[in-house]
Structure formats: C-alpha cells, structure tokens
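> quick one: sequence and predicted model below, then my questions.
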Amino acid sequence: MRPGCVVLLLVLALCPWRLPVAAAEPDPVGVWPLVPEPVVERGFDPPDDPWAAGHRGVDLLGAVGQPVRAALPGRVSWVGVLAGRGVVVVDHGRTRTTYEPVEAGVGLGTVVVAGAPLGTLAIAGSHCLPRACLHWGWLEGETYLDPLRLVGAGPVRLLPLWQVGAAPAGPTPYAAWRAPITMLTRAGAPAGRPAGAGRW
C-alpha cells in the first residue's frame, strides 16, 4: 500500500467528524384529487417483484362525474384509453401521478396547477365496481410510491434518534399516543393523519 493511502486511512480513522450524508428529499405537498377528502377504499400494496400481483396505487371512493384534480402542478404527459379505462398522467419532473378511470377534460401537454381539473370520474374500469372509485398512482421512474404521502396520509416511519425533534404544533386526533413516541412521524409530511393504506 502506498504511504499516502496509509496516511489517508489513519486520518479518516482518527478524525472526530463525520462526512455529511445527503438528506432524503422531502415529499412535495399536494392536494387530494377528489373533493371532499375521499374514503381510501384500498391502500397502497406494491408487489415485491415488478411482475408480481399487488396494488400500485390507492383507490379513492367517489361518484361518477365527480371532478378529478391534479394532485401536484405539472404537465399532462399522457391522455388516452388503456384496457378500457380512461387514463390521465401528469408529469411533475422527478415524479408523475396517474389517474383512472377518468373522462379526460385536458389535452396532451396541458400545464396544470395543483387542484386543476383533469376530467371527471368514470365508472368503466373502476376497481370498486359497482361503485366508482379513482385509482390514483405516483411514480418516480419505474418505482411506485404511495400517493397518500402527497397529502400527509402516507406510511409512518421511524427516524434516527439524532433527528428526533419536537412534534408539530397543533391538535391532532392521535396526540394521545404520539406524545410519548416522538420518533414517529410521517414520511416527508407533518404527522396527524391516519396512515392510509393503493396500481400504476
């Protein structure tokens, strides 16, 4: 081993500081695609393997003809019918959200803000037949993410002890059990909503 490498290894071993670690990028803050806040009929349950069965999004209970809104600002990157279901995809740069079954009211390339109407909820292809529900998905590349994280209702995770801080201010329905467990927080969003648990 070269003498320079030995010195470098000794310096790294004896130095009291740690190299900075990149923090995970926080989730963007979005809006519910259905208003009023819908019931989560089926939650996010991605498969262990890309080709296996699972639920790659969430199903939100709604009504036929109900407006479907963009959860985040972006540009409509796909509009069409897939397997008999109307689908709208909105690109947000790093991620994209998907909505089905939808009777589209926007065209390819349309720039939308969060909450902008994309179309109306359809019944054909509903995951909740005979009821209507919106299948809402969120992807980063080819990786499926839980879209409920966009509205602060995603899964609970544990933070390392050195990141534990005071719980967010304000009353929450779960304050009683959150107080003694300050390490619990929602991934990338304030705690306080029950964790919803949804295919694209």
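Received the coordinates, thanks.
> which SS class is residue 150?
helix (DSSP: H, G, I helix; E, B strand; the rest coil).
> next up, the contacts around it.
Residue 150 is in contact with 27, 28, 29, 30, 31, 71, 72, 97, 138, counting by C-beta atoms under 8 Å, 6 or more residues apart in numbering. Bear in mind the C-beta positions are built from the backbone N, C-alpha and C, glycine included.
> one more time with 6 Å
Residue 150 sits next to 30, 71 when contact means C-beta atoms under 6 Å, 6 or more residues apart in numbering.
> repeat for residue 126
Applying C-beta under 6 Å, 6+ apart to residue 126 gives the contacts 132, 133.
> so it lies in a helix, does it not?
No - read with three-state DSSP, residue 126 is coil and lies in no helix.
> output the below-cut-off pLDDT ranges for the protein.
1-24, 47-55, 154-200 (pLDDT under 70).
> could I get the full set of helices for it?
3-14, 175-178 (DSSP state H).
> how near is the nearest residue to residue 140 once chain neighbours are set aside to residue 126?
Once flanking residues are discounted, residue 140 sits nearest to residue 95: 4.8 Å by C-beta to C-beta, 6 or more residues apart in numbering. Using C-beta to C-beta, to the nearest Å, residue 95 is found at 25 Å from residue 126.
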